[in-house]
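J.: Build me a model from this:
(chains A, B, C and D)
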Number of protein chains: 4
Amino acid sequence: MLVVMHHGATNAEVDRVVRTIEELGYGARPMPGAQRTAIGLVGNDGRVDSSRIEALPGVAEVIHVSQPYKQVSREWKPESTIVELAPGVRVGGRDVVIIAGPCSVESEAQILEAARQVKAAGATALRGGAFKPRSSPYAFQGLGRKGLELLALARAETGLPVVTEAMDEEGARLVAEYADCIQIGARNMQNYSLLKAVGKLQRPVLLKRGMAATVTDLLMSAEYLLAEGNGQVILCERGVRSFDPAVRNMFDLTAIPLVHKLSHLPIVADPSHGTGARGQVTPMARAALAAGADGILVEVHPAPDQALSDGAQSLYPDQFAELVGELRPIAQAIGRALATSDGTFATAHV
Amino acid sequence: MLVVMHHGATNAEVDRVVRTIEELGYGARPMPGAQRTAIGLVGNDGRVDSSRIEALPGVAEVIHVSQPYKQVSREWKPESTIVELAPGVRVGGRDVVIIAGPCSVESEAQILEAARQVKAAGATALRGGAFKPRSSPYAFQGLGRKGLELLALARAETGLPVVTEAMDEEGARLVAEYADCIQIGARNMQNYSLLKAVGKLQRPVLLKRGMAATVTDLLMSAEYLLAEGNGQVILCERGVRSFDPAVRNMFDLTAIPLVHKLSHLPIVADPSHGTGARGQVTPMARAALAAGADGILVEVHPAPDQALSDGAQSLYPDQFAELVGELRPIAQAIGRALATSDGTFATAHV
Amino acid sequence: MLVVMHHGATNAEVDRVVRTIEELGYGARPMPGAQRTAIGLVGNDGRVDSSRIEALPGVAEVIHVSQPYKQVSREWKPESTIVELAPGVRVGGRDVVIIAGPCSVESEAQILEAARQVKAAGATALRGGAFKPRSSPYAFQGLGRKGLELLALARAETGLPVVTEAMDEEGARLVAEYADCIQIGARNMQNYSLLKAVGKLQRPVLLKRGMAATVTDLLMSAEYLLAEGNGQVILCERGVRSFDPAVRNMFDLTAIPLVHKLSHLPIVADPSHGTGARGQVTPMARAALAAGADGILVEVHPAPDQALSDGAQSLYPDQFAELVGELRPIAQAIGRALATSDGTFATAHV
Amino acid sequence: MLVVMHHGATNAEVDRVVRTIEELGYGARPMPGAQRTAIGLVGNDGRVDSSRIEALPGVAEVIHVSQPYKQVSREWKPESTIVELAPGVRVGGRDVVIIAGPCSVESEAQILEAARQVKAAGATALRGGAFKPRSSPYAFQGLGRKGLELLALARAETGLPVVTEAMDEEGARLVAEYADCIQIGARNMQNYSLLKAVGKLQRPVLLKRGMAATVTDLLMSAEYLLAEGNGQVILCERGVRSFDPAVRNMFDLTAIPLVHKLSHLPIVADPSHGTGARGQVTPMARAALAAGADGILVEVHPAPDQALSDGAQSLYPDQFAELVGELRPIAQAIGRALATSDGTFATAHV
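T.: Alright, predicted model coming up:
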């Protein structure tokens, strides 16, 4: 940590900063400069709360040299984490997973058909929402527990492990009961009560990046999960807010190599929310893979024009099959392969 | 709602859109244009889910003419809502409220001193966090229930009503028990489970704008509260994410006249989070008032350089007193006045 | 400047950074830390090009402690600069200027009427575009030289000094010939060829902030003008790009106290472009003044519904008169006053 | 175009909008709705200036159904444009071009070595700045005309066509004399005087997206070039401003399929500026190609740690060779190929 003093800071002000740092139990190293003095804090263990120092008179700025996260960082654990989404389905290794399915679970027929279609086309896991965060209180909010039961049915039928969202502590317990991986949505990325609750459950978590979250924010939210003892965390880039109304979100694929550099956790990408338009999903799924994503999360609906939510960004089943066909050679081109789902765990914990 | 077709859309595609609109129970009015055809949807009751239409072949874009919110809109209720924060303390009328206090409740001595100081300087209500959303799991997370007890004590002492944040359903019930107004923080603005739970409690709510929330998003989140039967909602502008690292947030004061135009709900402004730097708090509090804010939410700490959180943006008590002195003539200049706290409700519901 | 090394940087890598800093003629002060080593650069004169150091192996990041600008900074010149827009019309002192007029000069009748109206209502100077940067090549591009002649005529009639935009070197020479102050528009804020050319002309400059410019970027562009010997620079906040389609721009009023802290140059605010909607212009003009702006730049048109450009954000003349009436007591409330235009320089340099 | 009236708009206000539309020579079609009335404008030829209508009383909003651009749109010209960068070097067809070289031309030895190295590794064209837009007036501004002479020398040596930036009209004429393709930088994307001047020169243009430009803004700026008669325009995505300080820019690859959908012009991507960090250049170059980019623009320097500018984002020559090796199979995977430079035009127009 570096404390930068104002141009005209007095010696007394510099001394007070030095004393405060020492009171906090760290070393202080003043560096008088041509324009202004800076004071280095030595021995930072990542737990210094800079606000006391920022508040001191004469302080212009506090610059953090160390990252604020710890357990999620590659410095803490150099080798990449491989999350076992379900027995035999690993995320973060050589193989790239494809998690596909409808935005919402709408009915038994719909989810079973979707599951069979994405399985046939090569998906590794099934997605589908039972609890839906909708910006309007009057919009379809998901089938709830009934939706979870239908997802479990689809898993039993197809052998595809299930990823689905929880929006609160009670929902998280239900999801943990029925599904393989608990998704935390973008709007709840900084819902710390939910993060703590999910961190205590023994289930893999898929944590989506918030709409205005920096990569550091995303890693800090993951740190909440690891701090509770759950290290089975998959991050997910799904687009952030931008100034361009031409796209629903701005899909920030640079986050993928950046996360791989800063953290040992795997990261997947969601081109459906990342772009918001069916026509851009396929090229951006290819791009995400080429950027190094450990998996692709994609919305596929048996009949997008009948969908109760996100119809405009859902792929038709044959478009999805075509997409998988395009992803395979790209994976190969960068020394990876698409993961397969072998169904050997179909009798799992329901 | 207006459905815009692609340039080369066929008659069959146009017909299918018309049929789908009619199946949904609305009227369809095609408008062939020089460049492309558009189809107006007539009879929109604000509940049309456009995703089915967006998914149809030939559709380029769906444009929403009606706002997606309903009960929060000025069209629904033309006269301004006045929220009674506590008996005799009204937000949204002629008088402007000043809600002041420390970021976190740290100790009995600290919160009592802060309450007395802000009361003496002219505050209308007391703020202070018992449950603190912190980006790091290792940072001070607030005193919890103990903090609420101390806030209630400070209220009993000073007569100032209390505004404090809840982060989950259980916390909201506790806050409702001890405090006057439940704050929903920026990070939870789209935590719909929390919004639904708080909407069911009979307490005024202060809803902060999320870091990447549009004004429409903010109003949609308020709609969740009203949809549950709670119309006592105060909105709060507190800065949004921006590209300029020179400020912690970008304080979007234009949201104030915009909310007043679109909605009947009152809106206050938080220049402490809105700027993140003590030196900008005073001018921006003045600006918020001049822009028409119904109140100011501001962080004041008896000793900012000892604060456990947000020290750098907290005012010193004498700076706060000076600020109130500057706000008074500005309120007058625009035909308003600062609200006073008369303490007559000090025996309220603890 | 602080060079932060990667966690696993070798001693050889640290040594190479030290040597490179010394080769560049500065001192190097290594600070081994618990997590990583940082190296302070001592003696920074503001001209260190960090890219050579950033490119060295083992370097994680280079952090700039000194600001990249020099002559525009308050550390360089502590007392505020007062720009003389025209004889007797000063910007940056106690008095607040109001620069008003139509978006574009459209005809002799229009600009004369506008000038008389804004003068009568209390404006200090006249604005109006002769060269218009339009996003469409097919939109009205301004009257050019003819527009400048009409502005000069309006000045002769009313005594109001004239502020008008130049888009290239040739245009800047023409503007300098006919007008009092050369405006550089937001889209040209980083048109360095134009900045250099205008910096050489002996005329006050009004430099608008670019749509994605940080406050530092704005100051750096002003530095180009000062570096050419022209210190008569007025900065202008006019809104930046944001994610909220509800407003044309996000009006960043915090930039005003921030610029006053960092620089000695005056700063005015343009609520017309800052909001893009007539209904928000008045409250946000009040807010800008309360935030400490040294002036207000506002679009007023004799008949906004006949305007060739920006009609929706132009005030009607009576709205402008009302606005001036609201600004006066706010100026007073913060110890300032509205400047008056006395017309004594009406025979100036045409 | 659709004019949306306020909820309470009167019949007289609606009538006035209808009359104004008819006065402008178009048809008006009122659509009374449940919540509010909308009025369709029929016969829009893309030249309607909506500001007059926006300014009318009772108007809430004007929604543009037609795009504001014309000649750049795919509706205007359905088949993709192929720009001939130099004889035999085509951009926009099946083959993907790689334009590589240093940020700035620094010396004869440097540019010759860079040209030979990128040619050997498989580049199709040479980039290198002679005129450098730098945010600081004190930073290295490029060698100017001397830099252009050195680029011409490097072309004569290697046969690589040259792409280089012009910052003003005079510079553009010089660039047209010495180089094959005139680059307009991000900061000048809305410098309309420069666009008009370059549009008149008979040279291919590479137009970079501005830091806060929407895709529509980018296309509108290209429209300026086409409106002057120059249709040889290559667009370039190079990252936009974002809220995340972890990256220099946010690289918006979705712009690539979006531009291909909206326009017939080719688009290339610049991962060097798009990410700002050497470690992210290679994965994001792969991603850009997979997203459908017609070419990659990448900074390569013989010795990045000696570079006078952008050292931290320049690839080492062997990294560039490796990158080309990774791009080849990805191009193949999506049915494209890397373009080759055969040098047959080495005697061209110097």
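J.: Report the mean confidence score over stretch A:29-49.
T.: Computed over stretch A:29-49, the mean pLDDT rounds to 75.
J.: any weak-confidence spans in chain A?
T.: Within chain A, the stretches with pLDDT under 70 are A:34, A:45-47, A:341-350.
J.: Tell me which stretches of it form helices.
T.: Assigned by DSSP state H, chain A shows helices spanning A:11-23, A:51-54, A:108-121, A:145-158, A:169-178, A:192-200, A:215-227, A:255-262, A:271-275, A:278-291, A:317-333.
J.: what packs against the fourth one?
T.: Spelled out, that is helix A:145-158. The contact analysis (3 or more Cβ pairs under 8 Å, 6 or more residues apart in numbering or on different chains; DSSP states H and E) places helix A:145-158 against helix A:108-121, strand A:125-127, strand A:162-165, helix A:169-178. From N, CA and C alone the C-beta is placed, and that goes for glycine too.
J.: swap in the shortest one?
T.: Contacts defined by 3+ Cβ pairs under 8 Å, 6+ apart place helix A:51-54 against helix A:11-23, strand A:59-63.
J.: what about the closest residue to A:P271 other than its chain neighbours, neighbour count?
T.: Of all residues not flanking A:P271 in the chain, A:M284 sits nearest, at 4.0 Å (Cβ to Cβ, 6 or more residues apart in numbering or on different chains). When neighbours are counted by other Cβ atoms under 10 Å in any protein chain shown, A:M284 registers 31.
J.: give the contact list for A:M284.
T.: Contact analysis of A:M284 by Cβ atoms under 8 Å, 6 or more residues apart in numbering or on different chains lists A:251, A:253, A:271, A:274-275, D:253-254, D:257, D:291.
J.: Next to chain B, which bits of the stretch 51-200 of chain A? Give me the list.
T.: Those residues of the stretch 51-200 of chain A that sit near chain B, judged by Cβ under 8 Å from any Cβ of the partner chain, are A:51-52, A:54-56, A:68-70, A:133-140, A:167-169, A:171, A:187-188, A:190-194.
J.: Show me what A:V268 bridges to in the sheet.
T.: A:C236 (DSSP bridges).
J.: so how far is chain C from it?
T.: As judged by Cβ to the nearest Cβ, to the nearest Å, A:V268 and chain C stand 24 Å apart.
J.: Would you check that that residue makes contact with A:A293?
T.: Yes: A:V268 is within contact range of A:A293, at 5.7 Å (criterion: Cβ atoms under 8 Å).
J.: More neighbours: these two, which one.
T.: Set A:V268 next to A:A293 and count neighbours by other Cβ under 10 Å: A:A293 wins out with 30 against 25.
J.: and the more buried one, what does it touch?
T.: Shown in contact with A:A293 (Cβ under 8 Å, 6+ apart): A:96, A:237, A:253, A:256, A:267-269.
J.: So which of these wins on neighbours?
T.: A:L253 (34 neighbours).
J.: The closest residue in space to it that isn't next to it in sequence: neighbour count?
T.: Spatially, and ignoring its direct neighbours in sequence, A:L253 is nearest to A:A291 (4.5 Å; Cβ to Cβ, 6+ apart). Using other Cβ under 10 Å, A:A291 has 30 other residues around it.
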